[in-house]
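S.K.: Sharing a model prediction with you, sequence too.
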Amino acid sequence: MNVTKLISIALGAILVNNFILVQFLGICPFMGVSKKMDTALGMGFAVTFVMGIASAATWLINEYLLLPLGLAYMQTVAFILVIAALVQLVEMFLQKMVPALYQALGIYLPLITTNCAVLGVALLNVQNHYNFIESVVYGVTGGLGFLVAICLFASIRERVEDCDCPKSFEGFPIALISAGLLALAFMGFSGLRIF
Amino acid sequence: MNFKKQLREGLLTQNPVLVQLLGMCSTLAITTSLFNGLGMGISVLVILTCSNVVISLLRKVIPSKIRIAAYIVIIAGFVTMVDLLMQAFLPDLSNSLGVFIPLIVVNCIILGRAEAFASKNTVAASAVDGVTQGLGYLAALVVMCIVRELLGNGTFGSGVLSADGARIIAEPYPALMMILPVGGFLTLGCLIAFAQWLVKKLNDKEAAAK
């Protein structure tokens, strides 16, 4: 087991190639539920959770079902179905077994099906030829990167709300520009290498 | 007449990107050159029209409880077709768009139109809706691409006019930042602000005319 590689995957997913700010995956929930800090936190944890499980499930499906049967071209269809089923399953499981967590994540769970970061991580795992452990690490840390970005952005947005800005920039446009400045800050990590 | 109204909605007053704020990921990610923007815009236009037609055809057959899953499977089918065709005939484009082609499956524009329009309207109307909304997406992408490529790279139409495109701003001056992720957020922010201003102005004018 190559620990350095795992650490570099983790660091890359959280900072250098942050899913939202550098790779532009999962912008919709990033913009949609970042108005308040507590909802942003809930969404962040829900995404991290699902991305980890989805990476594991899609890796197994790809390796033991699609590749042996020569169905690699069905990846997109198979992955999205697996993710949709998985989200439903996680929702049902949490509702039954961990109602506190279910209450906290609430409406964000079903929304995750159409979060492109989840399908994105599944496809990128295949593209980068990651093995099982690497895929799971990439999924979880990618989710953590999402969590970091959405929390930073939510706290910026709470402040921007109180500021005066030109009429046509109110609401969404000014949020996008703040996100741009956040992305500029994350560019500072781009030289970061661990080995 | 209806087509004209839908076209105006798609291009401006109900533009999927600029007004409805759907499909942000691909809009921000791939708009670094005109070639990418056109490729992505046309792919979405084709997929949106096809999926709208099929979903509209099946709207009485699909049980409402599992409709979202059914829509996703239909959309994923078309996306896979476009993905494979592009890999076969336009490998360059396929490489530069990368993971964002399969990700059209979860592009909210397509699922949004399926749910809001195609599942309630006739086949012809849904086809028109697919084309006009797709054109709106394409237009927004093309504007983004032109602005970002010009400011970030100093060229116009690289990959479309010629391999490197026509150089407009001389070498050391373009701000590389604009084709990096930062530029995507800034350009889209300004563009949406402009669209909001324009739509508001048009609405005021219509209200004044009445």
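M.R.: Right, received. Where do you want to start? Numbering: from 1, shown residues only, chains lettered A, B, ... in the order given.

S.K.: lowest confidence element among the helices and strands of chain A?
M.R.: helix A:108-111 (a mean of 73; mean pLDDT, DSSP states H and E).

S.K.: elements contacting it?
M.R.: helix A:37-61, helix A:75-97 (3 or more Cβ pairs under 8 Å, 6 or more residues apart in numbering or on different chains; DSSP states H and E). Where C-beta positions appear, they are placed from N, C-alpha and C, glycine not excepted.

S.K.: Repeat the analysis, applying 10 Å as the threshold.
M.R.: helix A:27-32, helix A:37-61, helix A:75-97 (3 or more Cβ pairs under 10 Å, 6 or more residues apart in numbering or on different chains; DSSP states H and E).

S.K.: residues contacting the nearest residue to residue A:94 once chain neighbours are set aside?
M.R.: Spatial nearest neighbour of residue A:94, excluding adjacent residues (Cβ to Cβ, 6 or more residues apart in numbering or on different chains): residue A:102 at 4.1 Å. Shown in contact with residue A:102 (Cβ atoms under 10 Å, 6 or more residues apart in numbering or on different chains): A:90, A:91, A:92, A:93, A:94, A:95, A:96, A:109.

S.K.: Over to residue B:30?
M.R.: Contacts of residue B:30 by Cβ under 10 Å, 6+ apart are A:24, B:36-37, B:39-41, B:96-98, B:100-101, B:141, B:144-145, B:184.

S.K.: For the helix or strand hosting residue B:77, name the packing helices and strands.
M.R.: Here residue B:77 sits within helix B:67-89, counting by DSSP states H and E. Contact here means 3+ Cβ pairs under 10 Å, 6+ apart; on that basis helix B:67-89 packs against helix A:75-97, helix B:34-57, helix B:91-97, helix B:108-113.

S.K.: For that helix, what is the distance to the chain centroid?
M.R.: The chain centroid and the centroid of helix B:67-89 are separated by 16 Å under Cα atoms, centre = their mean, to the nearest Å.

S.K.: Give the buried residues for it.
M.R.: Buried residues in helix B:67-89, counted by 16 or more other Cβ atoms under 10 Å in any protein chain shown: B:67-72, B:74-80, B:82-83, B:86.

S.K.: quick one: which of those is nearest to chain A?
M.R.: Nearest to chain A, judged by Cβ to the nearest Cβ, of the buried residues of helix B:67-89 is residue B:76 at 4.2 Å.

S.K.: Please name the nearest non-neighbouring residue to the closest one.
M.R.: Nearest to residue B:76 is residue A:77, by Cβ to Cβ, 6+ apart, at 4.2 Å.

S.K.: So what's the residue count around the one you found?
M.R.: Residue A:77 has 19 neighbouring residues, counting by other Cβ atoms under 10 Å in any protein chain shown.

S.K.: Tell me, what's the model's pLDDT at it?
M.R.: Note on residue A:77: pLDDT of 89.

S.K.: what residue ranges in chain A score low on pLDDT?
M.R.: Where chain A drops to pLDDT under 70, the residues are A:1, A:105-107, A:193-195.

S.K.: Going by length in residues, pull out the top helix of it.
M.R.: Assignment by DSSP state H gives helix A:132-160 as the longest helix of chain A.

S.K.: in the helix or strand following that one, what's buried?
M.R.: Next helix or strand after helix A:132-160 toward the C-terminus (DSSP H and E): helix A:172-187. Of the residues in helix A:172-187, those buried by neighbour count under the rule 16+ other Cβ under 10 Å are A:172-180, A:182-184, A:186.

S.K.: quick one: contacts for residue B:130?
M.R.: Residue B:130 sits in contact with B:10, B:44-53, B:55-56, B:110, B:113-114, B:117-118, where contact means Cβ under 10 Å, 6+ apart.

S.K.: among those, which ones are buried?
M.R.: B:10, B:44-53, B:55-56, B:110, B:113-114, B:117-118.

S.K.: before we move on, what SS does the residue positioned nearest the centre of chain B have?
M.R.: Compute the mean C-alpha point of chain B, and by Cα atoms, centre = their mean the closest residue is residue B:137, 2.8 Å away. Following DSSP: H, G, I helix; E, B strand; the rest coil, residue B:137 is assigned to helix.

S.K.: Appreciated, that's everything.
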